[in-house]
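Trainee: Quick check, what structure comes out for this input:
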Amino acid sequence: RKAAPELLSVTPTRVDAGQTVTLAGKHFGKEPSANTVLFGTLPGKVSAASATELKVVVPQEAKAQLGVTVETKGGRSAPVTVEVLPVATASAVDPDVGMPGQSVLIHGEGFSPQRVTVRFAGLPATSVEQAPGGLKVVVPQIALPEGSATTVTVETSGQAPRAFPFIVGRLPLVLERSPE
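Mentor: Predicted coordinates for the structure are as follows:
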């Protein structure tokens, strides 16, 4: 009878859904198809295998802290815990008008543990920090005149960038007067 797999570690221990992790241990199947890796009850995709190491893609549906187990013909390993980080989502920019040096709030959730890049007209925000309800960012020195429309792009690890309209200016923003 084959020995049950022994899962010793999962690296890294904090991961994004869709990320590849490395499982180290003993008695793994030498072919990817000879191993079933579960994140809680969700199957991961084994992309490479040896008797002591597996490369596995974390399932997209995985979230929170989960026990990872390896199953082979020899049995099932004891679980090792990993934390699947929440997917960061940006929903709005408030206010959507500002001058260089001013702070705006990127509304959203799941930002805290993730790397986030915020750009105004292609330039990185000069400061990005956690704030209630999202991220507080500082508008960089944009070389655009007041009243210019541009975009704020929010990019989080593993997600497609999200763009929001932004106007360089002061509040209240007066674009035209009528009658002259």
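Trainee: can we go C-alpha only for contacts and neighbour counts from here?
Mentor: OK.
Trainee: Okay, and the beta partners of Val118?
Mentor: Val154 (DSSP bridges).
Trainee: Neighbours of it, how many?
Mentor: Residues lying near Val118 (other Cα atoms under 10 Å) number 25.
Trainee: per-residue pLDDT, it?
Mentor: On pLDDT, Val118 comes in at 92.
Trainee: In this structure it contacts Glu155, no?
Mentor: Yes - counting by Cα atoms under 8 Å, Val118 does reach Glu155; the two are 6.4 Å apart.
Trainee: pLDDT weak spots in this protein?
Mentor: The model of the chain has pLDDT under 70 over residues 112-114, 157-159, 173-175.
Trainee: Wait, Thr13 touches Val82, no?
Mentor: Yes - checked against Cα under 8 Å, the pair Thr13 and Val82 is within contact range at 4.8 Å.
Trainee: So for those two, which residue has more residues nearby?
Mentor: Neighbours per residue, other Cα under 10 Å: of Thr13 and Val82, the larger number sits with Val82, 21 against 14.
Trainee: Let me know the helix or strand that the more buried one is in.
Mentor: According to DSSP states H and E, Val82 maps onto strand 80-84.
Trainee: what are the pairing partners of that strand, and which direction each?
Mentor: Strand pairing for strand 80-84, determined by DSSP bridges: strand 14-15 (parallel), strand 64-72 (antiparallel).
Trainee: Following element in sequence after the first one, please.
Mentor: In this case it means strand 14-15. strand 20-26.
Trainee: Grab the CA positions of that next one and hand them over as PDB.
Mentor: What follows is strand 20-26, C-alpha atoms only, in PDB (Å, rounded to 0.1, in the frame of the first residue of the first chain):
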ATOM      1  CA  THR A  20       0.100  29.600  -8.300                       C
ATOM      2  CA  VAL A  21       1.400  28.200  -4.900                       C
ATOM      3  CA  THR A  22       4.000  25.700  -4.100                       C
ATOM      4  CA  LEU A  23       3.200  22.700  -1.800                       C
ATOM      5  CA  ALA A  24       6.100  20.900  -0.200                       C
ATOM      6  CA  GLY A  25       5.800  17.500   1.400                       C
ATOM      7  CA  LYS A  26       6.300  13.800   0.900                       C
END
